[in-house]
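Engineer: Sequence plus the predicted model coming up.
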Amino acid sequence: MTETFASPGASLRTFTGEQLIVAKHVANLHNGFAFWPRAEEGPPALGDYRWTEDLILATWLMAETGRPPQNGLEYKVGASGGGFDLLDFKFLPEDQWLPVGVEIDLSIPLNKRGEGVEIEIPIPIYGGGMSYGSVSEQVMQSRARAAQKWGTFTSTGEGGYPLSLVPYKDNIITQVATGMFGVREETIQYAPIVEFKYAQGAKPGLGGHLLGDKATTTVAAMRESVPWVSLFSPFPFHSVYSVEDHRKHVDWIRTTNPRALVSVKVSTPTDVDMVAVGSYFAGANIVHLDGSYGGTGAAPEIAKKNIAMPIEFAIPRVHKYLESENVRGQVTLMASGGVRTAYDIAKAIALGVDGCVLGTAELVAIGCTRCSNCERGRGCPFGLTTTDPLLSQLMPVDWGAERLSNLYEAYAFQLRDILRKLGLKSIRALRGRRDLLKYIG
Amino acid sequence: MRSSSAGPNLVTQESPSAYQRYHISTRLAPDLEKWPSRFKVHVRKTGLAKLLVKELIHYRGRLAPVLSRPCMYGVFSGPIGGFAPREHLCVGCLRCTTEFPDFVRVEHNAERRKLGDSYFTFNYMDAISYEASTGLIPVKGAGYRGKFGGEGWDGMWTDMSEIVRPTRDGIHGREFISTVVDIGYTPNFLLFDENDKPYGAEPHSFSIPLPILFDASPNHSAEKLAGIFALAADQIGSLAVLPFDEVLKLADFGESVAPVLLPEDGNRIHELDFNPRLIEMQGWDQPLFDALGERFPESIVALRTGFETEETLLQYFDRGVRVFHLLADLHGRSMDGRFVLDLIRTAHKRFVDAGVRQEVTLIGSGGIIAAEHVAKAVLCGLDAVALDTPLLVALQAKFNGDAMERGNSSFSFPDSLSEEWGVQRLKNLAASWRDQLLEVLGAMGLREVRRLRGEMGRAMFMRTLEAEAFADIEGYSGGSHD
């Protein structure tokens, strides 16, 4: 619980006006996040087709309790009318379910190449790249702390590596993107995994853009740029025209940090299957597909809806093609971009990936209402996607880490439940099992 | 007659120094009339009063935390704070209702959602309002919020490339992507006689710097509209397609206006005392077509007709028509109910199959109401679009009922509509949509919009992708979007 001036032994006079303001709003927000999921009706203006009111409230509840809701909130699907929302599982008859308490393995390997460092994560999820500048340092720390607790990872995004993250370096993926912001020898050497971001689903082919208002002095220092000047990550890597060029990038990372696994984050064009195979042959351990409907940062509306295919369609295409090339067993395939629930994760795995990368779901867990005002003025009014010194205090690190850890707990609980009802003892056994899915459109 | 003030971005051998990079000048042009606010903010006053008293006691009179409001956008920053919320400032972040669920309630404003009609819904209106006000590309955070896919425009995605950009000199305005399109006739190949002199049909076309024309507004009542369309088209180097009588009044914009002639106008063509770049003939009329060709040999004569005439398009081609302006209704439907996206593909394919696609220009109108529709329409086979209702919405038109039929739709406009404001709004809209087209082209790695035309390999359709992805999943039988 957040300490306020009203905490036992605290004296009002010892707090500044700013501290009192922050404490007041933090306490109110925490009360609200607990109140609304239990109310008979949610906030009338909350939610959209992809993230319905129920999904947001259910995520808040899971982040609080570590368990899926029991009060009727729909926590499995949204109302988008397609993709994951039109898929369901063909569960076995109840008398064939695995017994409650049977050990079910959710771990997945991140290096299947048979050489190099072997890394497994105990749950088939890790956190996607959200840069310092696009989110607050507090958000990054919360994510890192939750990743450390669960033995999984979170990614820096392309905004540098705040010193406050160094204690969590064994659980942090360093992202290398086209602007090279914050990419330094030591940040590559810290990382068990280095992620090349070729493209991102929310703005495929358009690079990155941090608005000038968010490029504060600390953000600019981290990115080695000029304060208050908009920063562009140009698209694409100007040194890469081919798989061979990409191979040189991989070699560069391995020279700097021979122990690092390499992940390649790509979007979902028509030839996403070719891209995935090319990434594998260039030496990638992980191919990370980022579908077009996700994204946490600001992006042109035209890109979010219209450019590149949704992740639900890209996964089977890539999975099947990697199988046909006889390399599926040597590469870890991860998916992001519209993965909202534990059921989405399980469906994505059944369609063909090994695991999923989370972004928006994590932000919702720590208070995002998906109001889409991330880029407006001082940034997120809930203190998430902002670098405003006052606003960012609205999301205390301890509270955020606990909420994220609880969300992982709830997801793990549901994934085990899904596997149990399918008669599977391992999440790895679910991969590519489209025969366990049914279409309900 | 004055020449267009914004010519195509071409360098000619005759005037290399005349090159100017194409640019549409944008300027803030806020709404003239306030639309209903996006959100309604209800504050229970007794609840707020009790809270203030409680906090005054709780914080022992320290005003900073008591007066600190849960809104960054000024909704509660009026003289009496939350007792009179300024809901026009509300952006729907819901922080206030999250913090104070007992007495603050934020909901969508039903009045706002009534804007537009059954096709041109309020979210399209919102987008155009922003684009016409600012000239900017709408940018928002938190990912996509809409339905998964759907029918029509929503059932299609455009491609991107992981490593290819049109140029390597950066994006966001620094690299050069051409949006020039040619209107007219280009032969598939040239013929030369024994003296190596070309003979036969010669190219006959002109270029406009963006694939967007302004089309005659349907059944409008505001007198100033034609002038606004013409002046805005002139300033961006495009064309305003206007009724014949309006064009007669706007001869000063000869480069930038294209008259639409009805068959009964045939005996009045002498009243047109300049050579328009484009003349549109409403429906087929052989004598009028011949007369126009004879009197205006420099002009390109287009046939303006419904998409549903696709079966006869090649017959018109045989009769000499090389530019077609194809019309769907304002909801993007043909008379037989097909959607404009499919109509475009069918028309385009008709000419491809006949081996003459390169010789004709296809312009389309109807149902194209968002920036992404332009890119998708070109991708499916149009050379250019001629906008209709989006122009009216940019001018803050209100729909008087459902606006589906061109001749039977009614709009009303702000009383204070001025030419200067209207022209700037249309320029802003054109700039925003062109910039969004550049985003799509850039993502695909295309250097010019002409290469986008009919490039179906770069289009992804929901029904195809879904069938490929889900075909072996139980219960799938062709999907929900046939």
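Structural biologist: Looks like it arrived, so ask away. Residues are numbered from 1 along each chain as shown, chains lettered A, B, ... in the order given.

Engineer: Now name the helix or strand holding A:D88.
Structural biologist: A:D88 is part of strand A:87-89 when elements are defined by DSSP states H and E.

Engineer: And for that strand, what's in contact with it?
Structural biologist: A:312, A:343, A:346-347, A:350, A:418, A:421-422, A:436-440, B:470, B:473 (C-beta atoms under 8 Å, 6 or more residues apart in numbering or on different chains). All C-beta atoms are positioned from the backbone trio N, CA, C, and that covers glycine.

Engineer: Can you give the contact residues for the helix or strand following that strand?
Structural biologist: Sequence order places strand A:108-109 as the next helix or strand after strand A:87-89, per DSSP H and E. With contacts defined as C-beta under 8 Å, 6+ apart, strand A:108-109 is touched by A:E118, A:I119, A:E120, A:I121, A:P124, A:T332, A:D354, A:G355, A:I427, A:R428.

Engineer: And the strands in the stretch 201-350 of chain B?
Structural biologist: Taking DSSP state E, counting those that start in this stretch, the strands of the stretch 201-350 of chain B run over residues B:204-208, B:212-214, B:240-243, B:257-261, B:278-282, B:300-306, B:323-327.

Engineer: Pairing partners for the longest one, with directions?
Structural biologist: As defined by DSSP bridges, the strand partners of strand B:300-306 come to strand B:278-282 (parallel), strand B:323-327 (parallel).

Engineer: Any stretches of the chain with poor pLDDT?
Structural biologist: Unless you meant another one, I'm taking chain A. A:1-10 (pLDDT under 70).

Engineer: looking at chain B here, not the other one
Structural biologist: B:1-17, B:164-174, B:217-222, B:479-482.

Engineer: Could you chop it up by domain?
Structural biologist: By the assignment in automatic domain parsing, chain B contains the domains B:16-31+B:157-465, B:39-112.

Engineer: ok, the closest residue to B:T26 other than its chain neighbours - contacts?
Structural biologist: Leaving aside its chain neighbours, B:T26 sits nearest to B:G135 (2.9 Å; criterion: C-beta to C-beta, 6 or more residues apart in numbering or on different chains). Counting by C-beta under 8 Å, 6+ apart, B:G135 touches B:I24, B:T26, B:R27, B:K427, B:N428, B:L429, B:A431, B:S432.

Engineer: Tell me which residues of stretch A:318-330 come out buried.
Structural biologist: A:V318, A:H319, A:K320, A:Y321, A:L322, A:V327, A:R328 (16 or more other C-beta atoms under 10 Å in any protein chain shown).

Engineer: Please disregard the earlier target; I meant stretch B:81-95.
Structural biologist: Buried, per 16+ other C-beta under 10 Å, within stretch B:81-95: B:G81, B:G82, B:P85, B:R86, B:E87, B:L89, B:C90, B:V91, B:G92, B:C93, B:L94, B:R95.

Engineer: Check stretch A:246-259 too.
Structural biologist: A:H246, A:R247, A:H249, A:V250, A:I253, A:R254, A:T256, A:N257.

Engineer: who in the stretch 251-400 of chain B is up against chain A?
Structural biologist: B:A371, B:E372, B:A375, B:K376 (C-beta under 8 Å from any C-beta of the partner chain).

Engineer: Going by secondary structure, the third one is in what exactly?
Structural biologist: This points to B:A375. Here B:A375 is assigned to helix B:371-379, by DSSP H and E.

Engineer: next structured bit after that helix?
Structural biologist: Next along the chain after helix B:371-379, taking DSSP H and E as the criterion, comes strand B:384-387.

Engineer: circling back: adding mean neighbour count, write the strands paired with strand B:300-306 out as a markdown table.
Structural biologist: Below are these laid out as a markdown table (neighbours: other C-beta atoms under 10 Å in any protein chain shown):
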| stretch | mean neighbour count |
| --- | --- |
| strand B:278-282 | 24 |
| strand B:323-327 | 24 |
